[in-house]
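Asker: coordinates only, sequence not included:
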């Protein structure tokens, strides 16, 4: 009986975490056109997209926005030759993390079946963890240099 209860708790925890992860990537809100203060440029590329169907959602997060919304910058990009690239501009110095989602059906959310994601996703630093996405694993620092990331699904 204890094993069943523990298994159900783990499943519920994983499902709740994946739902929060989905919300952090897929909540799309138009960005304002106000000019940001000059900052660094971060280029992110995903080259192992399984097909050219749909779009890739890229989200730049701080610890405050991680798993809580769309991030400080968010864009959906079309896929060409199983690759998608985005450039985040005017990023001020600080700690950040990037989340990426292959939204194959363009419904602006991660799809699940039996609590498991049906669409590919990835994070900066390409952590190979099996639990909920952690900011500490995907974190990087922006200083005075332009950054370039390759994220794998």
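Answerer: Cool, the structure landed. What you see is a predicted model; the values in this text were computed from it and never measured. Residues are numbered from 1 along each chain as shown.
Asker: wait, what's in contact with residue 142?
Answerer: Contact partners of residue 142, counting by Cβ atoms under 8 Å, 6 or more residues apart in numbering, are 39-40, 42, 91-96. Just so you know, the C-beta spots here come from the backbone N, C-alpha and C atoms, and that holds for glycine as well.
Asker: one more time with 10 Å, if that's ok
Answerer: Residue 142 sits next to 39-42, 60, 88, 91-96 when contact means Cβ atoms under 10 Å, 6 or more residues apart in numbering.
Asker: Among these, which pair sits farthest apart?
Answerer: 41 and 95 (17.0 Å; Cβ to Cβ).
Asker: The contacts of residue 142, buried ones only, as a ChimeraX selection?
Answerer: Buried residues among the contacts of residue 142 (16 or more other Cβ atoms under 10 Å), as a ChimeraX selection:
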select :40,42,60,88,91,96
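Asker: The contacts of residue 142 in strands, which ones?
Answerer: With strands taken from DSSP state E, the overlap with those comprises 40-42, 60, 88, 91, 94-96.
Asker: Give the bridge partners for the residue nearest to the spatial centre of the chain, please.
Answerer: In the chain, the centroid-proximal residue (Cα atoms, centre = their mean) is residue 99; its distance is 1.6 Å. Beta-bridge partners of residue 99, counted by DSSP bridges, are residue 59, residue 123.
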